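> What follows is a predicted protein model with its sequence.
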Amino acid sequence: MDGPFDVREIDEHLFRRESAQLVAALTRIFGVHNLPLAEDVVQESLCRALEVWKQRGLPDNPAAWLMSSAKNRAIDVLRRERTARTFAPELGRLLDTEWTLAPAIDEAFEPGTIRDEQLRMMFSCCHPRLPEVAQLALILNILCGFGVGEIASALLTGEAAVEKRISRGKATLASAKTLFDLKASDFEQRLETVRRALYLLFNEGYHGASPESPVRAELCGEALRLTILLRDYPAAATPTTHALGALMCLHAGRLPARIDSAGELSAFLDQDRSLWDARLIGEGLELLERSARGVDVSEYHIEAAIAAVHACARSIEETDWREIVSLYDRLMTLAPSPVIALNRAIAIGQLEGPGRGIRELRAIDDVERFANYPFYPAALAEFELRRGHLSVAFEHFQSALGLARSDAERRFLLKRAQRCTA
Amino acid sequence: MSEFVFLFRSTAEQQQGAMGTPERAREAMAAWMAWMRELEAGGHLKNPGNPLATTGKVVGGKGALVTDGPYAEAKDLVLGFMVVEARDESEAVELAKRCPMVIGGALVEVRPVQKLQF
């Protein structure tokens, strides 16, 4: 393609994803203590790319162009600084001599090496000393290429807080001297932390997806992609990992119906199931089947099984609510939480009627944990509405509105509340 | 421990054979890196040295003559060097035997570093 081009023609994901891969490769060469240097080199390559492409047009293979540019910059840095700095201890003297400098760099940029480095980086980001929100921020920044502003909007926190979390997190990474060794004895343990982080990441995206926050919708894609990275590594491809993948695919398959034609959140009960992504759901069901081989039954297994019951039902009425309640019962013994209790109560209400649903909702322990969660009063409201107690329902909707966490949620709850006055 | 300089010598034909296609060049590079990693792991890599370009000059002879080098007539060229630490010459020779270039038909000249006495 010749001639000047419009920057917007570049796939907006390209720079983000490519830069994450290039940072992984450069970290292998420079060492994790030089992560800022790796990020600088990539930034410079991206800037240079924009300058050159504006004049000469988009190259046939933009990703390859970027990689080549990053490699050349890396070589320059190494030749210039090899006496002043230490680089990756794992590469030893290979970077000190022209015999092996370029080949070592080539090796670091091979697809298999990049995959491994990204995996190691993911495991490193899930350091047990780091709080979960910090783990997510690091993953989003380093592995997914998101900036501080985007991460702040994705996790509903302030930019300053995100900035601090990321810089502290990177200091923790640097102090470990090398990235996590996948052959280490605490691999299984760390794998659990990684899965939990990816699960949280997916949930942030799933529950936050709204027109105002397009970044949040991308979080699901990123969580899915990183879970695939896990599944491609044999030691991490356990039934529980497959179960996590299953639940992500099954939930993500329903995302297209979550926003209605007016661009507003739509209630699960009203969703147009023809909009569901059949391919993703099919993949989810296949993963669920694979996750059943073996003796482990994790919370991911059960959540995936619940999602599968929904995915296989043609409508709300045709859903096997009895099975769902039974699965929630199991989930409550395995990983009890107020949100799970809430979902269970809603399922019981679907199965046995609104009165029963309300009794279950009221019976939940730790109701105080719902102090900021709009969907508890909203659930009460829905059931009261269903059994005809309109004014009580309306009051509950008012409470829910007071707790709404975004404009999209507010509008959604208002719409539901309007049925009380119909 | 003593130091030995390895001088890697090869002919144009041998180079063509070893590195002529992208596939072979890749394999040769991988084997070379593996060998260097071995040397380093064994504590033998005193100075990894560098490859040498096949251009250059020869300075000297009568009246500081400058001719194009390295040596137009010589059949093999010094392609690079390395300084290795070994217990003695026979250990150095054993190390040189594992050099992929040797396996590929080239030569490694093993020269002990002379410790000058006063």
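Structure received. Numbers count the residues shown, from 1 in each chain, chains lettered A, B, ... in the order given.
> For whichever residue of chain A sits closest to chain B, give me its contacts.
With CB to the nearest CB as the measure, A:Thr97 is the residue of chain A nearest to chain B, at 3.7 Å. C-beta: built from backbone N, CA, C; applies to glycine. When contacts are counted by CB atoms under 8 Å, 6 or more residues apart in numbering or on different chains, A:Thr97 is found next to B:Pro48, B:Gly49, B:Asn50.
> Of those residues, keep whichever come out buried.
When burial is judged by neighbour count using 16 or more other CB atoms under 10 Å in any protein chain shown, the buried members of those are B:Pro48, B:Gly49.
> Quick one: the contacts of A:Thr97 as a markdown table, columns for pLDDT, secondary structure and distance to B:Arg111 too.
Formatted as a markdown table, the contacts of A:Thr97 follow (pLDDT from 0 to 100; DSSP: H, G, I helix; E, B strand; the rest coil; distance: CB to CB, whole Å):
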| residue | pLDDT | secondary structure | distance to B:Arg111 |
| --- | --- | --- | --- |
| B:Pro48 | 94 | strand | 17 |
| B:Gly49 | 95 | strand | 13 |
| B:Asn50 | 95 | strand | 17 |
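> now for the helix or strand bottoming out on mean pLDDT in chain B, which elements pack on it?
Counting by mean pLDDT, DSSP states H and E, chain B has its least confident helix or strand at helix B:12-19, which shows a mean of 79. Using 3 or more CB pairs under 8 Å, 6 or more residues apart in numbering or on different chains; DSSP states H and E as the contact criterion, the elements in contact with helix B:12-19 are helix B:22-41.
> mind checking how far the helix it packs on is from the chain centre?
Its chain's C-alpha centre and that of helix B:22-41 lie 14 Å apart, by CA atoms, centre = their mean, to the nearest Å.
> And stretch A:64-82, by the same measure?
31 Å.
> Just the buried residues of that stretch, please?
A:Trp65, A:Leu66, A:Met67, A:Ser69, A:Ala70, A:Lys71, A:Arg73, A:Ala74, A:Ile75, A:Val77, A:Leu78.
> for the residues you listed, which one is nearest B:Ala106?
Sorting the buried residues of stretch A:64-82 by distance to B:Ala106 puts A:Ile75 at the head of the list, at 26.0 Å, by CB to CB.
> Could you dump the buried residues of stretch A:64-82 into CSV and include distance to A:Glu18?
Conversion of the buried residues of stretch A:64-82 to CSV gives the following (distance: CB to CB, whole Å):
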residue, distance to A:Glu18
A:Trp65, 10
A:Leu66, 5
A:Met67, 8
A:Ser69, 11
A:Ala70, 9
A:Lys71, 13
A:Arg73, 14
A:Ala74, 15
A:Ile75, 19
A:Val77, 19
A:Leu78, 21
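> Let me have those in JSON lines, extended by pLDDT and distance to B:Phe118.
As requested, the buried residues of stretch A:64-82 are arranged in JSON lines below (pLDDT from 0 to 100; distance: CB to CB, whole Å):
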{"residue": "A:Trp65", "pLDDT": "94", "distance to B:Phe118": "59"}
{"residue": "A:Leu66", "pLDDT": "94", "distance to B:Phe118": "58"}
{"residue": "A:Met67", "pLDDT": "95", "distance to B:Phe118": "55"}
{"residue": "A:Ser69", "pLDDT": "95", "distance to B:Phe118": "54"}
{"residue": "A:Ala70", "pLDDT": "96", "distance to B:Phe118": "52"}
{"residue": "A:Lys71", "pLDDT": "96", "distance to B:Phe118": "49"}
{"residue": "A:Arg73", "pLDDT": "96", "distance to B:Phe118": "49"}
{"residue": "A:Ala74", "pLDDT": "96", "distance to B:Phe118": "46"}
{"residue": "A:Ile75", "pLDDT": "95", "distance to B:Phe118": "43"}
{"residue": "A:Val77", "pLDDT": "95", "distance to B:Phe118": "43"}
{"residue": "A:Leu78", "pLDDT": "95", "distance to B:Phe118": "40"}
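> This completes my enquiry, with thanks.
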